[in-house]
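Novice: Got a predicted structure here, sequence first:
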Amino acid sequence: MMTGPPANPLSGATPSPGRTRVLIVDDEPPSRALLERLLREDGYQTSTAPDGETALEMIAANPPDLVLLDVQMTGMDGFEVCRRLKAPESPVRLMPVILVAGIGEDHKVVGIEAGADDFINKPFKPAEIRARVRSLVRLKHYIDELDSAEAIIRSLAMTIEARDAYTEGHCDRLARYAAALGREIGLGQEEIAALERGGYMHDIGKVGIPDAILHKDGRLTAAERKTMQQHTVIGDHLCHELRSLRLVRGIIRHHHERWDGSGYPDGLTGDRIPVLAQIVGIVDVFDAMTTDRSYQAARPAAEAVAELERGAREGRFHADLVRPFVDLVARGVIVPPPRG
Ligand SMILES: [Fe+2]
């Protein structure tokens, strides 16, 4: 049985049914009509599709908040439609899908493997349908809010980048470089996604650093450097409510740690530094060297690579990460922007 979503730290209420759109997919007109009547009585906006292909087209054109999906349909069956909606690359994979059928236990296993969020057995019990729809709509609302909270944080990160003329495109490059290195060393999909988000958000905490320090020409004083280093801790605190950013938070806090413990903010050493943070740390240093900064002109990729290799020899970076990164640069997979 589904439990309700965790308390939402961002805001509140379940959306009114009137703003919630449910797509009913069923090849039998009577059960389509029955479900539609039931949900309309509860105030939901409904649309219907008579088969799987039509449903996929409708969802692609205008994704609803929830899909009620009949399993036994002529043509593409409900399992296949569900599988396509829930595929890792599907843009609507987080949209809840309820499978509707006279399902036995083994059908349920197929449904779970296809990614279904819940099941309803025919013949329908109206109270059960209402309860399950309500519960999943609440979950969808919660996911949407997390999504928009993340979008806000991401645009904040871009705003920070835009304040600094020297770092144009930095976040975008970091996301690409870090994901390329993650793929090269065989990390999973979740980690790669975290590296992409981490590339954008790693310096989010700079929002809390005074402009006079952030944009100072010339060297920072020791006190200013200490303040600047706080961007890692500030960023970590900014994101701590968002469980969806669990892996990204490690990147935000630890991307300036160094293998030998010489980094900040926690002076972690070796494997205690999350590998994703080590990756972003390496590509961050590479990008800083290969683009113009207030304190130095862009250096050729070969020089930046030599610096990273020296860093690995001297213990600041993990050689097992620097080596594949250097390889990616040598193969032209990672190409710094042209020097101006
Ligand atoms: Fe940073």
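Specialist: Arrived safely, thanks for sending.
Novice: And the chain, what are its domain boundaries?
Specialist: Following automatic domain parsing, one gets these domains for the chain: 17-144, 164-330.
Novice: Comparing these, which yields the minimum mean pLDDT?
Specialist: Among the domains of the chain, domain 17-144 carries the lowest mean pLDDT, at a mean of 89.
Novice: nearest to residue 154, of the domains of the chain?
Specialist: Closest to residue 154 of those, according to Cβ to Cβ: domain 164-330, at 5.4 Å. For glycine as for every other residue, the C-beta is placed from the backbone atoms N, C-alpha and C.
Novice: gap between that closest one and the chain center?
Specialist: The gap between where domain 164-330 is centred and where its chain is centred comes out at 18 Å by Cα atoms, centre = their mean, to the nearest Å.
Novice: Output the domains of the chain in CSV, with mean neighbour count and distance to residue 338 appended to each entry.
Specialist: Formatted as CSV, these follow (neighbours: other Cβ atoms under 10 Å; distance: least, Cβ to Cβ, whole Å):
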stretch, mean neighbour count, distance to residue 338
domain 17-144, 18, 32
domain 164-330, 18, 9
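Novice: quick one, strands of the protein?
Specialist: 21-25, 45-49, 66-70, 97-101, 118-121 (DSSP state E).
Novice: coming back round to it: go through the domains of the chain and name the closest to residue 340.
Specialist: Set against residue 340 and scored by Cβ to Cβ, the domains of the chain come closest in domain 164-330, at 6.7 Å.
Novice: any chance of the domains of the chain in JSON lines, plus distance to residue 153?
Specialist: Formatted as JSON lines, the domains of the chain follow (distance: least, Cβ to Cβ, whole Å):
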{"stretch": "domain 17-144", "distance to residue 153": "15"}
{"stretch": "domain 164-330", "distance to residue 153": "6"}
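Novice: which stretch among those domains comes nearest residue 339?
Specialist: Nearest of those (Cβ to Cβ): domain 164-330, 4.3 Å.
Novice: Quick check: residue 114 touching residue 84?
Specialist: No: contact criterion Cβ atoms under 8 Å: residue 114 and residue 84 do not qualify, at 9.1 Å.
Novice: Isn't residue 209 up against residue 230?
Specialist: Yes: the criterion here is Cβ under 8 Å, and residue 209 meets it with residue 230 at 7.0 Å.
Novice: Distance check, the residue nearest to residue 291 when sequence neighbours are not counted against residue 29.
Specialist: Spatially, and ignoring its direct neighbours in sequence, residue 291 is nearest to residue 298 (5.2 Å; Cβ to Cβ, 6 or more residues apart in numbering). Plainly put, residue 298 is 66 Å away from residue 29 if you go by Cβ to Cβ, to the nearest Å.
Novice: Next: residue 126.
Specialist: Distance of residue 126 to residue 29, given as Cβ to Cβ: 19 Å.
Novice: Not counting residues beside it along the chain, what's closest to residue 316?
Specialist: In space, residue 316 comes closest to residue 258 once its chain neighbours are excluded; the distance is 4.5 Å by Cβ to Cβ, 6+ apart.
Novice: And for residue 174?
Specialist: Per Cβ to Cβ, 6+ apart, closest to residue 174 is residue 199, 3.7 Å.
Novice: any idea of the pLDDT on residue 3?
Specialist: Each residue has a pLDDT score; the one for residue 3 is 37.
Novice: Let me have the strands of the chain in CSV, extended by distance to residue 142.
Specialist: Shown next, in CSV, are these (distance: least, Cβ to Cβ, whole Å):
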stretch, distance to residue 142
strand 21-25, 17
strand 45-49, 20
strand 66-70, 13
strand 97-101, 16
strand 118-121, 15
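Novice: Nearest to residue 310, out of these?
Specialist: strand 97-101 (52.6 Å).
Novice: State whether residue 115 and residue 82 are indeed in contact, as I suppose.
Specialist: Yes: using Cβ under 8 Å, residue 115 is in contact with residue 82, at 5.8 Å.
Novice: check contacts around the residue nearest to residue 314 when sequence neighbours are not counted.
Specialist: Spatially, and ignoring its direct neighbours in sequence, residue 314 is nearest to residue 260 (7.7 Å; Cβ to Cβ, 6+ apart). Going by Cβ atoms under 8 Å, 6 or more residues apart in numbering, residue 260 touches 269, 314-316.
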